[in-house]
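Peer 1: dropping the sequence and predicted coords here.
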Amino acid sequence: MPRHNADIAAIFEEIANLLEIQGANPFRIRAYRNAARTIGELSTEAYVLVEKNEDLTRFPGIGHDLSAKIQEIITTGHCSLLDRLHTELPPAVTELLKVPGLGPKRVRHLYHDLDVQTVEQLYCAARDGRIRALPGFGEKTELSILQAVETHADQVRPKLAVAAQYAEALRSHLAGVPGVIRVTVAGSFRRMRETVGDLDFIVAATPASAVMQHFIAYDEVAETLAVGTTRASVILKCGIQVDLRIVAEDSYGAALLYFTGSKAHNIAVRQIAQKRGLKINEYGVYRGKTRIAGESEESVYHAAGLSYIPPELRENRGEIAMARVGSLPRLVELGDLRGDLHVHTKFTNGHNTLREMALAGQSLGLEYIAITDHSRSLTVVRGLDPQRLARQCMEIEALNEELKGITLLKGIEVDILEDGSLDLPDHALAQLDLVVGAIHSKFELSRARQTERVLRAMAHPHFTMLAHPTGRIIQERAPCDIDMPRIIREAGRRGCFLELNSQPGRLDLLDIYCQMAKEEGVLVSINSGAHSTFEFDNLRFGIGQARRGWLEKQDVLNTRPLSELRALINRTM
Ligand code: DGT
Ligand code: CA
Ligand code: CA
């Protein structure tokens, strides 16, 4: 069983952490962190690339040494460097780094001075007052460690895109078992929540099928928590729990509906059915003892007098009332997208050339992509100054002359500076088809100042779209404190747009704000923010978030054909 990208990234990340705790050379540590990021963001599995004999060193930050390590992990499942580090430091110490406020230096002290190796030991040491005496800690730090450990427990939900790697592999494993008729990953995964607690598999199989044995014997299973004839729970090696339910074919719909949830949605549907004298459970819909529905989800909803409700809407946020009167939205689909309005290239921190990105977009069936590299104040990625931007524009024009079937739009992801001004002069912005503004610094400003900052940027006559509007990174950085309802209204007034960035760690605009944008008539652009040709694939996660936000095709800017798009982004103010 080959290792997934998320596994490889996790190994590199762990190496970086262990090296950091050991006080190794910072360049060496950074090399592993960069490699973890590169591999983690690839949407094509590295083992597929290796099978095709693709040269991994063409990815930035992957030299011969790291490429060899990737191959080692793929073929053996191990990394000898990590194995060696584990003999020098207990693996659990890296867990300590996840506790907010603990960096490698502090972890080094905790380990060497107090022999603290696990989060539990950390908790005990803090509670016993042993930590305050360590150099660089003190009583206040001890208290905040105690509080951090107490809240640490709910930080472990994997991101949807990470869960997807494991879910899809296990899904095809089970689908190949003789006697298996259908397999669906239900639960929050099917509802496309941005993180998932566990994976809920529903399998329809013939009575003779050995699907349960195949599930337990799956070689990514680390531990079996419970196993019966129709249900089981296991923990995968990556730490994700999987619950399995095996059902008869004629109960498949009822089981799927039940285990897709959400719980609040299920309860509300059941109450409606009760008023019609019906009982719904995971086996079907019953009037008295007679089963009247259950083979498909549609049949269950119809029995309750509801139209079919797509999984992403099943959060009891008003979808049931709409299904009753048959006026649910027709949610946007991946195939509706005509273009992508946020794409990076080698000019800054992207991995591919303009041409490579254009061809990749075209092969996905896109009609246009906007090139939006970073602006100069982001020096770490060599952000564009006016001269380099002008050069990029010339290259884009030349490519547009040459390429058929795909159009590159000239854009920029311009930094919104602390005072709300844009990071490039007007004459540089004026030559562009669109200006995507984004915050990459000063996330901690007060609500009033942060809101003013963005409003001022949007008031700029060349401003087209606000990228990843809240700035949150899942489990890393909270959304910045900003008056989103006001930003959304102002975008509507000024004819600006909001991005829904599809990167798995962003998924920003958040679903609730998508709904708000829709109500205000502000179009949302579902963009990949791709840094390589492989990241266009992330658009499906952006689509998931948009669907959770009730967006329809007409609510999404980049479902428009190019000619209509041009009219919309051409601000005449
Ligand atoms: P997660 O795993 O925390 O991301 O969220 P879910 O929604 O996948 O929750 P999970 O795995 O606990 O259960 C899967 C579905 O099973 C859930 O969405 C609804 C259904 N379910 C679980 N427990 C109950 C329950 O006590 N009552 C009802 N009505 N449904 C339940
Ligand atoms: Ca679940
Ligand atoms: Ca579950």
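Peer 2: Yes, it's here. Numbering: from 1, shown residues only. Ligands and ions are numbered 1, 2, ... in the order given.
Peer 1: quick one, domains of the protein?
Peer 2: Listed domain ranges for the chain are 5-151, 160-324, 334-570 (source: automatic domain parsing).
Peer 1: ok now the first one, how far from the chain's centre?
Peer 2: In other words, domain 5-151. Counting by Cα atoms, centre = their mean, to the nearest Å, domain 5-151 is centred 21 Å from the centre of its parent chain.
Peer 1: cool, and the longest one?
Peer 2: A distance of 17 Å separates the C-alpha centroid of domain 334-570 from that of its chain, computed with Cα atoms, centre = their mean.
Peer 1: about what we covered before: for ligand 2, find the nearest of the domains of the chain.
Peer 2: Closest approach to ligand 2 among those is made by domain 160-324 (3.1 Å; Cβ to the ion). Placement of C-beta: from N, CA and C, glycine included.
Peer 1: point out where the stretch 351-500 of the chain drops to low pLDDT.
Peer 2: Along the stretch 351-500 of the chain, segments meeting pLDDT under 70 are nowhere present.
Peer 1: sorry, slip of the keys, the one I care about is the chain.
Peer 2: Residue ranges of the chain with pLDDT under 70: 1-2, 151-155, 571-573.
Peer 1: kindly recompute the last result at 50.
Peer 2: 573 (pLDDT under 50).
Peer 1: enumerate the residues of it near ligand 1.
Peer 2: 187-188, 193, 196-198, 200, 258-259, 261-263, 266-267 (Cβ under 6 Å from any ligand atom).
Peer 1: buried subset of the residues you listed?
Peer 2: Those of the residues of the chain next to ligand 1 that meet the buried threshold are 187-188, 193, 196-198, 200, 258-259, 261-262, 266, by 16 or more other Cβ atoms under 10 Å.
Peer 1: what does the chain put close to ligand 2?
Peer 2: Residues of the chain lying close to ligand 2 (Cβ under 5 Å from the ion) are 187-188, 198, 200.
Peer 1: narrow those to those in helices?
Peer 2: The helices, defined by DSSP state H, take in 187-188 from these.
Peer 1: filter the residues of the chain next to ligand 2 by proximity to ligand 3?
Peer 2: Near ligand 3, taking Cβ under 5 Å from the ion as the test, the members of the residues of the chain next to ligand 2 found are 198, 200.
Peer 1: and of the residues of the chain next to ligand 2, the nearest to G138?
Peer 2: D198 (38.8 Å; Cβ to Cβ).
Peer 1: quick one, phi/psi of the nearest residue to that closest one once chain neighbours are set aside?
Peer 2: Computed as Cβ to Cβ, 6 or more residues apart in numbering, the closest residue to D198 that is not its neighbour in sequence is Q241, at 3.9 Å. Backbone torsions for Q241, taken as degrees, to the nearest 10, come to phi -90, psi 140.
Peer 1: going by proximity to ligand 1, name the top residue of the protein.
Peer 2: Ranked by Cβ to the nearest ligand atom, the top residue of the chain for proximity to ligand 1 is G261, at 1.8 Å.
Peer 1: surely that residue meets S188?
Peer 2: Yes. Using Cβ atoms under 8 Å, G261 is in contact with S188, at 7.0 Å.
Peer 1: who's in contact with I15?
Peer 2: 32, 79, 81-82, 85 (Cβ atoms under 8 Å, 6 or more residues apart in numbering).
Peer 1: pretty sure it sits in a helix.
Peer 2: Yes. Assessed by DSSP: H, G, I helix; E, B strand; the rest coil, I15 belongs to a helix.
Peer 1: so which residues on the chain come close to ligand 3?
Peer 2: Near ligand 3, when you scan the chain using Cβ under 5 Å from the ion, you find 198, 200, 243.
Peer 1: give me that answer again for 6 Å
Peer 2: Within the chain, the positions near ligand 3 by Cβ under 6 Å from the ion are 187, 198, 200, 243.
Peer 1: name the nearest of the residues you listed relative to I482.
Peer 2: For the residues of the chain next to ligand 3, the nearest to I482 is G187 (31.6 Å; Cβ to Cβ).
Peer 1: gap between that closest one and A169?
Peer 2: Using Cβ to Cβ, to the nearest Å, G187 is found at 17 Å from A169.
Peer 1: circling back: nearest to A125, of the residues of the chain next to ligand 1?
Peer 2: Checking the residues of the chain next to ligand 1 against A125 by Cβ to Cβ gives G197 as the nearest, at 29.2 Å.
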